[in-house]
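Chemist: turn this into a model:
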Amino acid sequence: MRAPPYLPFLSGPPGLAPGLKPIAWQGWLTPDSEAEAWLGPKRDLMRDRRAEVFAAHGAEAEMAEAAVLVLSALGQGICEGEWPTPLEAAAAEVFDDLCLMVRGEDGLWRLQAASLCAPTFWRLSDKMGEPLGGLHAPVPGADPDLVRRISRIFDGLQPGLILERFNWTVQAGEARFTPSSSPLKALAAETPEDAALDMLYLRVERQTITKLPETGAVLFTIRIVMDPLRAALAGEEAAEAFRAAWQGITPEMADYKGWAAYDGLVRAALRQLGRRA
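Modeler: This next block holds a predicted model:
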């Protein structure tokens, strides 16, 4: 097993704080060691289930500009090919999903275009055209103050700056295309406790935002990274940090993330490692 590239639970349980930090351009779209294994299945989804993984409400100029930016970061240029839109052509070359937020005349940022092959328990068709408040519903604590804070970040973001944040959860199995959590919870319910370490995966969502200089749209990238919980909890420090984060989450956030479906397996996994649970 590889060493997981991201262990965001070392910073505590998942929360709502944006927690955005600037990163260098060189590290923006650099794939991790899973990239080659994911790009093939991702492209299959883009071809075979396009209606589920791609949508756009206009945004032609924004999609074209985003594609140029993404492909230039890879040292590539736009070329005509099998993909119907420039955004899809760019998304087919990177590990990350690509979403475009466009600011309307009413001042609200809305999701106007996206190539989304690894949704964490949401459907693109439900969120297209929604403003920030709609995108975050029903996240507990996503009150108007948080939405205004994120909107101000989008408003003030300067082209050339890339900001990064992480979110994480645990799931049964390693599926990335997960518009619904129900199949994963069903798999967890069927999993005996002695198989917990082999069935559970750490699902990390690495998000970045950057503003397009010409159209002013915000390009929001999402990279889903999957690692077996066994690998993520290797070592005393990681296991204890994970235990503290798992137990330290607020009840509201735990309910939103559906952690009750995994709590017994997680505790069993920690016992298998000889840690306190």
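Chemist: so what pLDDT did the residue sitting nearest the centre point of the chain get?
Modeler: The centroid of the chain falls nearest to Glu205 when counting by CA atoms, centre = their mean (3.4 Å). With respect to pLDDT, Glu205 scores 95.
Chemist: contacting residues around it?
Modeler: Glu205 makes contact with 120, 166-168, 222-224 under the criterion CB atoms under 8 Å, 6 or more residues apart in numbering. For every residue, glycine as well, the C-beta is placed using N, CA and C.
Chemist: ditto for Trp25
Modeler: Applying CB under 8 Å, 6+ apart, the residues near Trp25 are 73, 162.
Chemist: can you tell me which of the contacts of Glu205 has the largest number of neighbours?
Modeler: Using other CB atoms under 10 Å as the neighbour criterion, Arg223 leads these with 24 neighbours.
Chemist: just checking, what packs against the helix or strand it falls within?
Modeler: Per DSSP states H and E: Arg223 is located in strand 218-228. Where contact means 3 or more CB pairs under 8 Å, 6 or more residues apart in numbering; DSSP states H and E, strand 218-228 is packed against helix 60-73, strand 97-103, strand 200-211.
Chemist: list the pairing partners of it within its sheet, with orientation.
Modeler: Note on strand 218-228: by DSSP bridges, its sheet partners are strand 97-103 (antiparallel), strand 200-211 (antiparallel).
Chemist: now the angle from it to helix 60-73?
Modeler: 50 degrees (axes from the mean of the first three to the mean of the last three CA atoms, to 10 degrees).
Chemist: chain center to strand 218-228, what's the gap?
Modeler: When distances are taken as CA atoms, centre = their mean, to the nearest Å, strand 218-228 is centred 4 Å away from the chain's centroid.
Chemist: one more: stretch 69-82?
Modeler: Put simply, stretch 69-82 sits 22 Å off its chain's centre (CA atoms, centre = their mean).
Chemist: returning to what we had before: separation between the residue nearest to the centre of the chain and Thr178?
Modeler: 11 Å (CB to CB, to the nearest Å).
Chemist: can you give me the helices in the stretch 151-277 of the chain?
Modeler: Using DSSP state H, counting those that start in this stretch, the helices of the stretch 151-277 of the chain run over residues 182-190, 196-199, 229-232, 236-248, 251-257, 263-272.
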